[in-house]
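In: sequence below, structure please.
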Amino acid sequence: MAVGKGGGLLVLVVVGLLLHGTRVADAQSLRVGYYSQTCGSARSIVADEVQKASYRDRGVLASLI
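Out: Below is the predicted model:
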């Protein structure tokens, strides 16, 4: 799967969030609303980066599905 110029940042953000979640999951299990308590802006950060990446490369949206 090829990643466009802006897709690299998106991949980095998603991987970072996943790694953070696995590190914390050892101490407490993940649950619905977890990031709203630990990083209230996580959802908007990811949404903004996905939107920016989709402007540069429409294939990014399909690859996330």
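
In: if we ignore the residues flanking it in sequence, what's nearest the residue positioned nearest the centre of the chain?
Out: Centroid-nearest residue in the chain, with CA atoms, centre = their mean: Val14, separated by 3.0 Å. Excluding the flanking residues, the one nearest Val14 by CB to CB, 6 or more residues apart in numbering is Val46, at 7.1 Å. Placement of C-beta: from N, CA and C, glycine included.

In: figure out the helix or strand that that neighbour lives in.
Out: Element membership of Val46, judged by DSSP states H and E, is helix 42-56.

In: what number of residues lie near the residue nearest to Ala42 when sequence neighbours are not counted?
Out: Leaving aside its sequence neighbours, Ala42 sits nearest to Tyr35 (CB to CB, 6+ apart; 4.2 Å). Residues near Tyr35, counting by other CB atoms under 10 Å, number 17.

In: which stretch of helix or strand covers Tyr35?
Out: With DSSP H and E as the test, Tyr35 turns up in helix 34-38.

In: and that helix, how far out from the chain middle?
Out: How far helix 34-38 lies from its chain's middle: 14 Å, per CA atoms, centre = their mean, to the nearest Å.

In: from here on, call the first residue 561.
Out: Will do, 561 is the new start, and the previous item becomes helix 594-598.

In: any stretches of this structure with poor pLDDT?
Out: 561-567, 580-590 (pLDDT under 70).

In: how does it look with 90?
Out: Low-confidence regions of the chain, defined by pLDDT under 90, span residues 561-607, 609-611, 613-614, 616-625.

In: thinking again about what came up before, give me the buried positions along the helix holding Tyr595.
Out: Residues Tyr595 are the ones in helix 594-598 that count as buried (16 or more other CB atoms under 10 Å).

In: kind regards, and thank you for your time.
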